[in-house]
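> Pasting a predicted model and its sequence here:
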There are 2 protein chains.
Amino acid sequence: MDTFSFDRLVIFGVGLIGGSLARALRERGGARRGGVIVGVSRSIASAERALALGVVDEVAALDDDRQLAHALAGADLVLIAAPVAQTAALLARIEPFLGEATLVTDAGSTKGDVVAAARAALGARVSQFVPGHPIAGRESSGVEAALPDLYVGRNVVLCPLPENRPEHVARIEALWRAAGADVRTMDAEQHDRVLASVSHLPHLLSFALVEQIVSEADAALKFSFAAGGFRDFTRIAASSPEMWRDVCLANRGALVDELDAYTGVLARLRAAIVAGDGATIEAVFARSREARTEWQERGANGVAPRVPGDLAPE
Amino acid sequence: MDTFSFDRLVIFGVGLIGGSLARALRERGGARRGGVIVGVSRSIASAERALALGVVDEVAALDDDRQLAHALAGADLVLIAAPVAQTAALLARIEPFLGEATLVTDAGSTKGDVVAAARAALGARVSQFVPGHPIAGRESSGVEAALPDLYVGRNVVLCPLPENRPEHVARIEALWRAAGADVRTMDAEQHDRVLASVSHLPHLLSFALVEQIVSEADAALKFSFAAGGFRDFTRIAASSPEMWRDVCLANRGALVDELDAYTGVLARLRAAIVAGDGATIEAVFARSREARTEWQERGANGVAPRVPGDLAPE
């Protein structure tokens, strides 16, 4: 772990994501003691929960100009960790109070829309903004769910802009490395395409399966026979509807491309099933199993392998 | 748990499913001691592993007329627990040796095709065959993976035929109850429709997602960013390609109906995404989350809730 020091870090949205970064910097020993962490939220009550838990040192209300100016004065780092749909409004709100030496990053799940919002809100000062996405989470949300180790071994993607100075990108990298993350860099378009494929599309497909069952007359009977395969396939259908609505809209271009490719695969499989073409079906399934097993065995991305004896296909 | 007694139970295919029933009858105390359990397999080596583990008392090779006749002589119960595609051939092989007092059941994941196969192979003696499906499994297979508690709290579906005598259906019910299962009854068509929806379709969709990623040029990059949501969504894509090929073909009618309904849901969601219709997207996601959460909280089907602190949407 690299050591990392900062003077004043201002976190907009001290929930699971922002709170876990604050706790990581405080509790993991990778950061020099002495930096002040400020929590800013729309409702002061939620920032004050973070203060009471010792996750932040100071709080400010977003809609109070004086408090906001005070929070940002002398800040060397700002993290935007609010729902991604609020990023544009937050950047516009921050801009008038933003010092020239302050670096801003974010934690949004989509990046193309965030880059566009940052350009609109910050103008030439977009050079101070390094877009980022920590790929980590938990089922529970809110600052109470924040963990100092949430980012350990997880990927954080940075999507540097042409305007960013390399030392600024390096500083945001060091921030996340201090929290234990692996930092990787790609452009926003590539980020959005990759995440559409391995995260956004599976969420959409999972929500859609439950929707299909719910909307049928025999829903109760069907649910009563759902077992382990259904449980895991639909776990992500218990995710936040608001967050995933925003992700689907923010990344609609890449998501629709992936969805269309996916329905193409389904059409090929449907044709094979109707034709009784067992060889094609088995070849697809075997290729999938091999790739999935290899992915799991590599133990990629700090995702723990499942426990032995876990439920299997019914 | 009911007590249950039998004289001679012959299991065709002593793997996870057949072996677990044998162990349940032996080790769970619900069955009167003294009944003989015979394992029959295509390769005598696999039956002999079951014998060595003490899971069965006797073994017979399927292709040996003398051994097969001996195995079935005096049998009161037969369980077919081989891959479902072998059911027709197994029933035809058993038929000449089948005593009038022997009841036969099976453990196949599809039932319409099994009923048709039984009618073809057994003719009027189909009255001795009570179709069944224990909805249970593990990631691992083979007799070494068999567990005495595999069926505890799990659903076993029986699909009685009009020709079955009620006391015969009751006897097969008692067999599975002795293993700790909840026994439910429905017709084969309904069984196949329900399972297509909550089991077969999710497996197809999960295999298809991995197939889509594998077939793209940036597959390695995408896999390297796959996290917890992907892991659970695709866990069932590590299932047996042969078994799921057979299930897809055996239940093709119901599966294609469910797949078409599902692609209809996807088309509606796609249209909402393209139109930027956040309200529709959120309404679908919210309905799904509510139904999924309610299902989980009911703790249906012996499926344990996930451990706290598990990975969440990234």
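Cool, the structure landed.
> what's the closest non-adjacent residue to the spatially most central residue of chain A?
By Cα atoms, centre = their mean, the mean C-alpha position of chain A lies nearest to residue A:109, the distance being 4.1 Å. Nearest non-adjacent residue to residue A:109, counting by Cβ to Cβ, 6 or more residues apart in numbering or on different chains: residue A:247, 5.3 Å away. C-beta here means a position set from N, CA and C on the backbone, and glycine is covered the same way.
> Over to residue A:6?
residue A:35 (4.3 Å).
> wouldn't residue A:101 be in contact with residue A:76 here?
Yes. In terms of Cβ atoms under 8 Å, residue A:101 counts as a neighbour of residue A:76; the distance is 6.5 Å.
> Those two - which one has more neighbours?
When residue A:101 and residue A:76 are compared for neighbours, residue A:76 comes out ahead with 16 against 10, by other Cβ atoms under 10 Å in any protein chain shown.
> The more buried one contacts residue A:105, correct?
No. Contact criterion Cβ under 8 Å: residue A:76 and residue A:105 do not qualify, at 11.8 Å.
> On the three-state scheme, the residue nearest to the centre of chain A is what?
coil (DSSP: H, G, I helix; E, B strand; the rest coil).
> go on, the one 5 residues further on?
Three-state secondary structure (criterion: three-state DSSP) places residue A:114 in helix.
> Would you confirm that it contacts residue A:132?
No. Counting by Cβ under 8 Å, residue A:114 does not reach residue A:132; the two are 9.2 Å apart.
> the strands in the stretch 101-250 of chain A, which residues?
Secondary structure of the stretch 101-250 of chain A (DSSP state E, counting those that start in this stretch): strands at A:103-106, A:129-130, A:132-134, A:155-158, A:182-185.
> following the helix ranked longest in chain A, which helix or strand comes up?
When chain A is parsed with DSSP state H, its longest helix is helix A:252-275. Sequence order places helix A:278-298 as the next helix or strand after helix A:252-275, per DSSP states H and E.
> Buried ones in that following helix, by neighbour count?
A:278, A:281-282, A:284-289, A:291-292, A:295-296 (16 or more other Cβ atoms under 10 Å in any protein chain shown).
> and if you look at stretch A:9-19?
With burial defined by 16+ other Cβ under 10 Å, the residues of stretch A:9-19 counted as buried are A:9, A:10, A:11, A:12, A:13, A:14, A:15, A:16, A:17, A:18, A:19.
> how about the residues you listed, which pair is most distant?
Using Cβ to Cβ, the buried residues of stretch A:9-19 reach their maximum pairwise distance at A:10 and A:16, which is 17.7 Å.
> Figure out which of the strands of the stretch 101-250 of chain A is closest to residue B:191.
Per Cβ to Cβ, nearest to residue B:191 of the strands of the stretch 101-250 of chain A: strand A:155-158, 43.0 Å.
> which residues touch that closest one?
With Cβ atoms under 8 Å, 6 or more residues apart in numbering or on different chains as the test, strand A:155-158 has contacts from A:105, A:111, A:130-135, A:169, A:172-173, A:176, A:181-186, A:191, A:301, B:224-225, B:227.
> That one pairs with which strands, parallel or anti?
Strand A:155-158 has the following strand partners under DSSP bridges: strand A:132-134 (antiparallel), strand A:182-185 (parallel).
> and the ones you listed, which is most packed in?
Comparing these by mean neighbour count (mean count of other Cβ atoms under 10 Å in any protein chain shown), strand A:132-134 ranks first with a mean of 27.
> what is the mean pLDDT for that one?
Strand A:132-134 shows a mean pLDDT of 97.
> try stretch A:289-309
Rounded mean pLDDT across stretch A:289-309 is 68.
> With stretch A:257-267 instead?
On average, stretch A:257-267 scores 98.
> repeat for stretch A:161-170
Rounded mean pLDDT across stretch A:161-170 is 97.
> List the buried residues of that stretch.
Counting neighbours by 16+ other Cβ under 10 Å, stretch A:161-170 gives A:161, A:163, A:164, A:168, A:169 as buried.
> residues near the residue nearest to the last one when sequence neighbours are not counted, how many?
Same thing as residue A:169. Leaving aside its chain neighbours, residue A:169 sits nearest to residue A:160 (4.6 Å; criterion: Cβ to Cβ, 6+ apart). Here the count is done by other Cβ under 10 Å, and residue A:160 has 21 residues near it.
> Quick check: residue A:160 vs chain B, distance?
17 Å (Cβ to the nearest Cβ, to the nearest Å).
> so how far is the helix or strand bottoming out on mean pLDDT in chain A off the chain centroid?
Lowest mean confidence among the helices and strands of chain A (mean pLDDT, DSSP states H and E): helix A:44-52, at a mean of 89. Relative to the mean C-alpha coordinate of its chain, helix A:44-52 is positioned 22 Å out (Cα atoms, centre = their mean, to the nearest Å).
> could you say what helices and strands that helix packs with?
Judged by 3 or more Cβ pairs under 8 Å, 6 or more residues apart in numbering or on different chains; DSSP states H and E, the packing partners of helix A:44-52 are strand A:36-41, strand A:58-61.
> Pick the most buried one from these.
Sort these by mean neighbour count, taking mean count of other Cβ under 10 Å, and strand A:36-41 sits at the top with a mean of 25.
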